[in-house]
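Q: A predicted structure for the sequence below; I have some questions about it.
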Amino acid sequence: MENSGENQELLEDRLRELRLGKHQQLSQLFEQLDDLMDLCRVTDAEHKMNNLKRCFRGCGIKEYETILNLQKHLGLDIDQVKAKLLSEESIIQSKQPDRLHPFKRPPILKEPHHHQKSVHLNSVKSSSNDHKRPTCEHCGKVGHTEDRCWAKHPDLKNSAPFKKARVNSVSSSSDIPNKEKVIKDAHNLVKSAQNNKSTKK
């Protein structure tokens with residue numbers, strides 16, 4: 001189907017305006033460029049190369065600009081230039097593993113407001129290891145879950161098996177334990193065991 005003169009002008013304008021976008025992969029850009037050059041019936045190799053170079057004007061990526069500037073000197077055709085640019089894109093991306101594209105900024109994750117709960121003042125005193133330890137949904141303290149919360153279940157406070165489990169969980173943790181706390185828990189465990197022994201006699 002032949003394009004009318006007006007359509008042809010619109011296509012050529014679109015071809016002139018085509019640029020590498022901030023969040024765009026080179027493969028997407030090349031696909032759009034090829035489609036437009038086909039529709040505009042661009043067949044001349046030099047004209048094709050000029051259209052490709054125009055897409056990178058002002059992109060600010062020196063690796064891409066170097067390849068395009070050396071194209072004539074190296075005698076590369078358009079397919080070789082595209083291959084070199086794609087190769088450079090993958091090198092740039094591998095140096096920035098947290099980003100999908102050299103331009104792209106990582107998304108900012110926001111916590112929804114309706115999930116926020118009141119936080120106990122003691123939970124403000126946090127250490128670098130707090131993110132590895134559980135936080136109680138009931139009292140807001142770090143280091144236990146709601147089912148082991150003394151504020152919610154006061155009967156657990158003097159329970160020896162609970163204390164033993166607590167000491168074991170702290171000592172088997174991959175975090176560096178609080179030495180004084182472990183010693184105190186161990187003493188309490190020994191006292192509890194001695195009390196149990198004396199009551200059985």
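A: Okay, I see it. Here the structure is a predicted model, which means the values were calculated and not measured.
Q: so where's the chain shaky on pLDDT?
A: Residue ranges of the chain with pLDDT under 70: 1-4, 97-131, 159-178, 197-201.
Q: swap the cut-off to 80 and go again
A: Scanning the chain with the threshold set as pLDDT under 80 gives 1-6, 22-23, 96-132, 157-182, 187, 190, 193-201.
Q: Pop the domain breakdown of it in here.
A: What automatic domain parsing lists as the domains of the chain is 5-95, 130-200.
Q: could you redo those as JSON lines and give each row mean neighbour count?
A: C-beta here means a position set from N, CA and C on the backbone, and glycine is covered the same way. Below are these laid out as JSON lines (neighbours: other CB atoms under 10 Å):
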{"stretch": "domain 5-95", "mean neighbour count": "14"}
{"stretch": "domain 130-200", "mean neighbour count": "13"}
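Q: For residue 14, which residues are in contact?
A: Neighbouring residues of residue 14 by CB atoms under 8 Å, 6 or more residues apart in numbering: residue 36.
Q: other SSEs contacting the biggest helix by length in the chain?
A: Identified as the longest helix of the chain according to DSSP state H is helix 179-200. Under the contact criterion of 3 or more CB pairs under 8 Å, 6 or more residues apart in numbering; DSSP states H and E, helix 179-200 touches helix 160-171.
Q: Check the gap between residue 35 and residue 57 for me.
A: Separation of residue 35 from residue 57 (CB to CB, to the nearest Å): 20 Å.
Q: Over to residue 139. Which of the three states is it?
A: coil (DSSP: H, G, I helix; E, B strand; the rest coil).
Q: Could you report the separation of the nearest residue to it once chain neighbours are set aside from residue 32?
A: Ranked by CB to CB, 6 or more residues apart in numbering and with sequence neighbours excluded, the top spatial neighbour of residue 139 is residue 151, at 4.6 Å. Residue 151 sits at a distance of 61 Å from residue 32 (criterion: CB to CB).
Q: re the thing from before, I figured the residue nearest to residue 139 hits residue 140, correct?
A: No. Using CB atoms under 8 Å, residue 151 is not in contact with residue 140, being 9.7 Å away.
Q: before we move on, back to that, CA-only coordinates of the longest helix of the chain in PDB, if you can.
A: Coordinates of each C-alpha in helix 179-200 appear next as PDB, following Å, rounded to 0.1, in the frame of the first residue of the first chain:
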ATOM      1  CA  LYS A 179      26.600 -11.500  76.200                       C
ATOM      2  CA  GLU A 180      25.200 -10.100  79.400                       C
ATOM      3  CA  LYS A 181      21.700 -11.100  78.500                       C
ATOM      4  CA  VAL A 182      22.700 -14.600  77.600                       C
ATOM      5  CA  ILE A 183      24.600 -15.000  80.900                       C
ATOM      6  CA  LYS A 184      21.600 -13.600  82.900                       C
ATOM      7  CA  ASP A 185      19.200 -16.000  81.100                       C
ATOM      8  CA  ALA A 186      21.500 -18.900  81.800                       C
ATOM      9  CA  HIS A 187      21.700 -18.100  85.500                       C
ATOM     10  CA  ASN A 188      17.900 -17.800  85.600                       C
ATOM     11  CA  LEU A 189      17.600 -21.200  83.900                       C
ATOM     12  CA  VAL A 190      20.000 -22.800  86.400                       C
ATOM     13  CA  LYS A 191      18.100 -21.300  89.300                       C
ATOM     14  CA  SER A 192      14.800 -22.500  87.900                       C
ATOM     15  CA  ALA A 193      16.200 -26.000  87.500                       C
ATOM     16  CA  GLN A 194      17.500 -26.000  91.100                       C
ATOM     17  CA  ASN A 195      14.100 -24.800  92.400                       C
ATOM     18  CA  ASN A 196      12.400 -27.600  90.400                       C
ATOM     19  CA  LYS A 197      14.800 -30.200  91.800                       C
ATOM     20  CA  SER A 198      14.400 -29.000  95.500                       C
ATOM     21  CA  THR A 199      10.600 -29.100  95.200                       C
ATOM     22  CA  LYS A 200      10.600 -32.700  93.900                       C
END
